[in-house]
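1. predicted coordinates and the sequence they were generated for:
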Amino acid sequence: MRYLLLIYDNEATVEHTPEMMGAYEAFTKEVQDAGVYIVGEPLQPTATTVRVRGGAAANTDGPFAETKEQLGGYYMLDCANLDQALGYAAKIPTAKTGSIEVRPIMEMG
Amino acid sequence: MTTDEPRAPIPNPASRLLDTVVREEWGQILAALIATFRDFELAEDALQDAIVTALDHWPRDGAPDNPAAWLTTVARRKAIDRLRRSQMDREKRALLPRDRTIDVDAAAILDEHGAIPDERLRLIFTCCHPALASEAQVALTLKSLAGLTTREIARAFLVSNATMAQRLVRAKRKIRDAGIPFEVPAPDRLGERIDDVLSVLYLIFNEGYLAAEGKDVVRAELCGEATRLARMLVELTPERAEPRGLLALMLLHDARREVRTGADGAIVTLEDQDRSRWDQAKIRTGVAVLDRALELRQPGPYQIQAAIAALHGEANTAAATDWAQIAALYGRLLQLQPTPVVALNRAAAVAMADGPRAGLALLADPDLAERLSDYHLYHSARADLLRRAGDGWAAAGAYKRALELTHNRGERLYLERRLAEVGGG
């Protein structure tokens, strides 16, 4: 099953230290070597929300909801089951400071 | 989708046998079906189909030699029928299934001796998976392993039938959609996952234990179900000590259940309970289970709590209680589980061992006082100690604060009585 691992952390306090970058490189290599890696990328700390209502698009600066933690990156992994996906989620470096949301991809017929 | 009518009353011996088999072997049959078909709803529906078939056949043709194996085999056939029908439906709509092919014909469920393989351990880990909400874990465990009907679980947890049915459907859907595995966790995770299972079983037990005695038999029966499940877990994980610790704890508490509320429903404290009415056989069994757990030399919080309960159970009078050892055990429990509630219990035990002032000193800890400021048992424990220390005025204030914080009738009756005693009523 494919799982999307969404990485949330507080943009205001997140630090892109060399240690952090190294930890992410090591994690990416681990999931690649395990053959579960599909894709994974960090996101810029900027968001624009689009809503179309009554035919008119309204764009607003910022994420759709104001929360303490923001989406900062993601991985998509192909895992045997939820336990395996949760196991990898716990190894994502940001799991120590922020939160990882694990969502199965809906496989269409 | 799931037919979940209360099982019919019993008209003759064959149906009575069916009722017993379903009651006792439900979990094992269902676990075997889930292991084969990897689908909770299909397994439940097929088992219900098999029960309906048995209701028809057994009274007419006589009961089979091995009723559980008969049900398992018929249920497996029913499941395959259901899969075929749904595949034909899909093909008719030109929607071929991507993920599930019907190759289960070769996979017979019964082993070479015609016995049902025991898959209950895998099932209990799935039902108590930490990705499920606690209330869903509890409901699913009672439904799948204990074989309770949705209606019974709804009554036991004081929610409507529809709410409970929806809770179960959502839980089963999450298992399927999120890919929660049907397997015994890897050795490095096994300990913590067993802890998850133990908390679910203890939650079920406490729900029954805290139900007012005699008021609601279904709720009180949860103690029996939890004990049955704990015994099952002990059998399935014989090399682990903590399941035995939990089973011992349940037996030792259950031995006192009848006596813990008075005729008027008020809580009767350990000190005032009629010890001649404690169930001595249950206490002996509990102590024996605990001894076996301790031999395994894997200390844990359930064994410590069971040891505390055993010390109470073995004291013939309240005065004979070994409070010094109980206080020491609470000290160890506090190291393993540094929670304010354990600290509160330890303070109460220390007060019994070294006098109320010693207990009050522990309760005065500012961090503890703040974290438990809205917990009625903190104030009632403090009130009891102040009363025993002869400070009636302060005790009255603490009893009043406890009364503000609880709605449980039995506890209120107790607190009001004490409040009147110290002249604050």
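-> Perfect, thanks for sending it. Quick caveat, the model's predicted, so the values are computed rather than measured. Numbers count the residues shown, from 1 in each chain, chains lettered A, B, ... in the order given.
2. where are the low-confidence patches of chain B?
-> The model of chain B has pLDDT under 70 over residues B:1-11, B:93-107, B:211-218, B:425.
3. nearest to chain A within it, name that residue for me.
-> Per CB to the nearest CB, B:Pro181 is where chain B lies closest to chain A, at 3.9 Å. Where C-beta positions appear, they are placed from N, C-alpha and C, glycine not excepted.
4. doesn't that residue fall inside a helix?
-> No - assigned with DSSP: H, G, I helix; E, B strand; the rest coil, B:Pro181 falls outside any helix and is coil.
5. distance of it from A:Asp83?
-> Separation of B:Pro181 from A:Asp83 (CB to CB, to the nearest Å) stands at 5 Å.
6. and the helix or strand where A:Ile38 lies, what does it pack against?
-> Using DSSP states H and E, A:Ile38 maps to strand A:37-42. Here strand A:37-42 touches helix A:18-33, strand A:70-78, going by 3 or more CB pairs under 8 Å, 6 or more residues apart in numbering or on different chains; DSSP states H and E.
7. buried deepest among those, which one?
-> Highest mean neighbour count of those: strand A:70-78, a mean of 19 (counted as mean count of other CB atoms under 10 Å in any protein chain shown).
8. between the very next helix or strand once past that one and helix A:18-33, how many degrees?
-> Note on strand A:70-78: by DSSP H and E, the next helix or strand toward the C-terminus is helix A:82-91. Interaxial angle of helix A:82-91 relative to helix A:18-33 (axes from the mean of the first three to the mean of the last three CA atoms, to 10 degrees): 160 degrees.
9. low-scoring stretches of chain A, by residue?
-> For chain A, the stretches flagged by pLDDT under 70 are A:109.
10. can you pull the residues of it lying near chain B?
-> Within chain A, the residues that sit near chain B (CB under 8 Å from any CB of the partner chain) are A:1, A:3, A:79-83, A:85-86, A:104, A:106-107, A:109.
11. please check the residues you listed and keep the buried ones.
-> A:Met1, A:Tyr3, A:Cys79, A:Asn81, A:Leu82, A:Asp83, A:Ala85, A:Leu86, A:Pro104 (16 or more other CB atoms under 10 Å in any protein chain shown).
12. does the first one touch B:Pro181 like I think?
-> Looking back up the chat, that one is A:Met1. No - using CB atoms under 8 Å, A:Met1 is not in contact with B:Pro181, being 10.4 Å away.
13. for the residue of chain A at minimum distance from chain B, list the residues it contacts.
-> The minimum distance from chain A to chain B, using CB to the nearest CB, falls at A:Asn81 (3.9 Å). By CB atoms under 8 Å, 6 or more residues apart in numbering or on different chains, A:Asn81 lies in contact with A:Met1, B:Gly179, B:Ile180, B:Pro181, B:Glu183.
14. okay, these in TSV with distance to B:Pro356 next?
-> What follows is those, written out as TSV (distance: CB to CB, whole Å):
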residue	distance to B:Pro356
A:Met1	59
B:Gly179	55
B:Ile180	50
B:Pro181	52
B:Glu183	52
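15. buried ones from those residues, can you make that a ChimeraX selection?
-> The buried residues among the contacts of A:Asn81 can be selected in ChimeraX (16+ other CB under 10 Å) with this line:
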select /A:1 /B:179,180,181
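16. which one of the contacts of A:Asn81 sits closest to B:Arg38?
-> B:Pro181 (9.7 Å; CB to CB).
17. nearest residue to the closest one other than its sequence neighbours?
-> Nearest residue to B:Pro181, sequence neighbours excluded (CB to CB, 6 or more residues apart in numbering or on different chains): A:Asn81, at 3.9 Å.
18. and that neighbour, how far from B:Arg240?
-> 23 Å.
19. same deal with B:Arg193?
-> 11 Å.
20. next: A:Pro42.
-> A:Pro42 is 42 Å from B:Arg240, by CB to CB.
21. which of these two has more neighbours?
-> Ranked by neighbour count (other CB atoms under 10 Å in any protein chain shown), A:Pro42 and B:Arg240 place B:Arg240 first, with 19 against 13.
22. neighbours of residue 34, how many?
-> Because you didn't say which chain, this covers chain A. As a burial measure, A:Ala34 scores 13 neighbours (other CB under 10 Å).
23. oops, chain B please
-> B:Ile34: 23 neighbours (other CB under 10 Å).
24. give the contact list for the residue nearest to it when sequence neighbours are not counted.
-> Computed as CB to CB, 6+ apart, the closest residue to B:Ile34 that is not its neighbour in sequence is B:Ala43, at 4.6 Å. Residues near B:Ala43 by CB under 8 Å, 6+ apart: B:Leu30, B:Leu33, B:Ile34, B:Phe37, B:Ala75, B:Ala79.
25. with B:Ile267 instead?
-> B:Arg260, B:Thr261, B:Gly410, B:Glu411, B:Leu413, B:Tyr414.
26. now do the end-to-end distance for stretch B:246-262.
-> 26 Å (CA to CA, to the nearest Å).
27. mind listing what's buried along it?
-> B:246-257, B:259-262.
28. closest to A:Gly98 among the residues you listed?
-> A:Gly98 lies nearest to B:Leu246 out of the buried residues of stretch B:246-262, by CB to CB, at 34.8 Å.
29. past whichever helix or strand that closest one is part of, which element shows up next along the chain?
-> Element membership of B:Leu246 [criterion: DSSP H and E] is helix B:242-254. The first helix or strand that comes after helix B:242-254 along the chain, using DSSP H and E, is helix B:280-295.
30. got the contact list for that next one?
-> Residues from elsewhere that reach helix B:280-295, judged by CB under 8 Å, 6+ apart: B:234, B:241-242, B:244-245, B:247-252, B:254-255, B:303, B:306-307, B:309-310, B:313-314.
31. apply 7 Å and report the result again.
-> Identification of contacts with helix B:280-295 by CB atoms under 7 Å, 6 or more residues apart in numbering or on different chains yields B:241, B:244-245, B:247-248, B:251-252, B:254-255, B:303, B:306-307, B:310, B:313.
32. could you identify the most distant pair in the contacts of B:Ile267?
-> For the contacts of B:Ile267, and using CB to CB, no pair is farther apart than B:Arg260 and B:Leu413, which are 13.0 Å apart.
33. hang on, the earlier thing: alpha carbons of the helix or strand where the residue nearest to B:Ile34 lies, as PDB, please.
-> For B:Ala43, the element it lies in under DSSP H and E is helix B:40-61. Output in PDB follows, covering the C-alpha atoms of helix B:40-61 (Å, rounded to 0.1, in the frame of the first residue of the first chain):
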ATOM      1  CA  PHE B  40     -13.600  -8.300   9.300                       C
ATOM      2  CA  GLU B  41     -17.000  -7.700   7.800                       C
ATOM      3  CA  LEU B  42     -16.900 -10.600   5.400                       C
ATOM      4  CA  ALA B  43     -15.800 -12.900   8.300                       C
ATOM      5  CA  GLU B  44     -18.500 -11.700  10.600                       C
ATOM      6  CA  ASP B  45     -21.200 -11.900   8.000                       C
ATOM      7  CA  ALA B  46     -20.100 -15.400   6.900                       C
ATOM      8  CA  LEU B  47     -20.100 -16.600  10.600                       C
ATOM      9  CA  GLN B  48     -23.600 -15.200  11.000                       C
ATOM     10  CA  ASP B  49     -24.700 -17.000   7.900                       C
ATOM     11  CA  ALA B  50     -23.200 -20.300   9.300                       C
ATOM     12  CA  ILE B  51     -25.100 -19.800  12.500                       C
ATOM     13  CA  VAL B  52     -28.300 -19.300  10.700                       C
ATOM     14  CA  THR B  53     -27.600 -22.500   8.700                       C
ATOM     15  CA  ALA B  54     -26.800 -24.400  12.000                       C
ATOM     16  CA  LEU B  55     -30.100 -23.100  13.500                       C
ATOM     17  CA  ASP B  56     -31.800 -24.800  10.600                       C
ATOM     18  CA  HIS B  57     -29.800 -28.000  10.400                       C
ATOM     19  CA  TRP B  58     -28.800 -29.000  13.900                       C
ATOM     20  CA  PRO B  59     -32.300 -29.400  15.400                       C
ATOM     21  CA  ARG B  60     -33.400 -31.400  12.400                       C
ATOM     22  CA  ASP B  61     -30.300 -33.600  11.700                       C
END
